[in-house]
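*Asks:* Okay, predicted coordinates and the sequence, questions at the end:
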Amino acid sequence: LAALIVEKTTDYPSAEYSLVEDVALHFTCLMDRLNEQRLFQPDLCDVDIVLVQHKSIFPAHKGVLAAYSQFFHSLFTQNKQLQRVELSLEALTSQGLQQILNFIYTSKLLVNSCNVQDVLNAAAVLQMNNIASSCQDLLDTRSLRGEVEESLPRFTGTIQPRCCKMPSRHE
């Protein structure tokens, strides 16, 4: 980690200096650690996102999800004790949701002709309009238009997730 910067401050009446880390570096390190928890230490996560049809479970942090997705923000503010979110939607695939979660935690979204529709659907469900719009723009460009099967459905519906509160993540 980089050394802290000493700054003169007026933040506190008795303090003359504060030690400050570069903000971008600080938040990059923080998100890297949270992503490592999500991937390798799921017991440190406080919610499981479950895709019922695919039998896939994605551990995550409520605060991180709620900060980036209006869908999760609404869900978690209405159900504060929620520890498991079950989504039974044909529009959502494991690959699409995984890419969205990777983006939330890393700011990198890997999209290609094979997964762009899945990512678009996941972004639409999770009310992440900037990502959905960008994916739609990619589909509309010549670079991906011919590569994506025309038969893939576009997500246009309204979603009501089936959620359940569970006493423990591991029961």
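*Replies:* Noted; the coordinates are in hand. Numbers count the residues shown, from 1 in each chain.

*Asks:* how would you label Ser113: helix, strand or coil?
*Replies:* Classification of Ser113 using DSSP: H, G, I helix; E, B strand; the rest coil returns coil.

*Asks:* Backbone dihedrals for it, please?
*Replies:* The phi and psi values for Ser113, taken as degrees, to the nearest 10, are phi -60, psi -20.

*Asks:* Any figure for the gap between it and Leu138?
*Replies:* For Ser113, the distance to Leu138 equals 9 Å [CB to CB, to the nearest Å]. For glycine as for every other residue, the C-beta is placed from the backbone atoms N, C-alpha and C.

*Asks:* Among these two, which residue is more densely surrounded?
*Replies:* Neighbour comparison, Ser113 and Leu138: the larger count goes to Leu138, with 18 against 15 (by other CB atoms under 10 Å).

*Asks:* does the more buried one belong to a helix or a strand, and which?
*Replies:* Taking DSSP states H and E as the criterion, Leu138 maps to helix 129-140.

*Asks:* the helices in the protein, which residues?
*Replies:* Along the chain, counting by DSSP state H, helices occupy 23-40, 62-68, 70-78, 94-106, 116-125, 129-140, 142-145.

*Asks:* what about these, which gets the closest to Ser88?
*Replies:* Proximity to Ser88 (CB to CB) singles out helix 116-125 among the helices of the chain, at 11.5 Å.

*Asks:* Which residue lies closest in space to Phe103, excluding its sequence neighbours?
*Replies:* Closest residue to Phe103 apart from its sequence neighbours, by CB to CB, 6 or more residues apart in numbering: Leu109 at 4.1 Å.

*Asks:* got it, and Gln70?
*Replies:* Per CB to CB, 6+ apart, closest to Gln70 is Gln127, 4.1 Å.

*Asks:* go on, Ala122?
*Replies:* Counting by CB to CB, 6+ apart, Ala122 lies nearest to Gly96, which is 3.6 Å off, once chain neighbours are set aside.

*Asks:* And for Glu90?
*Replies:* Counting by CB to CB, 6+ apart, Gln53 is the residue found nearest to Glu90 once chain neighbours are left out, at 6.8 Å.
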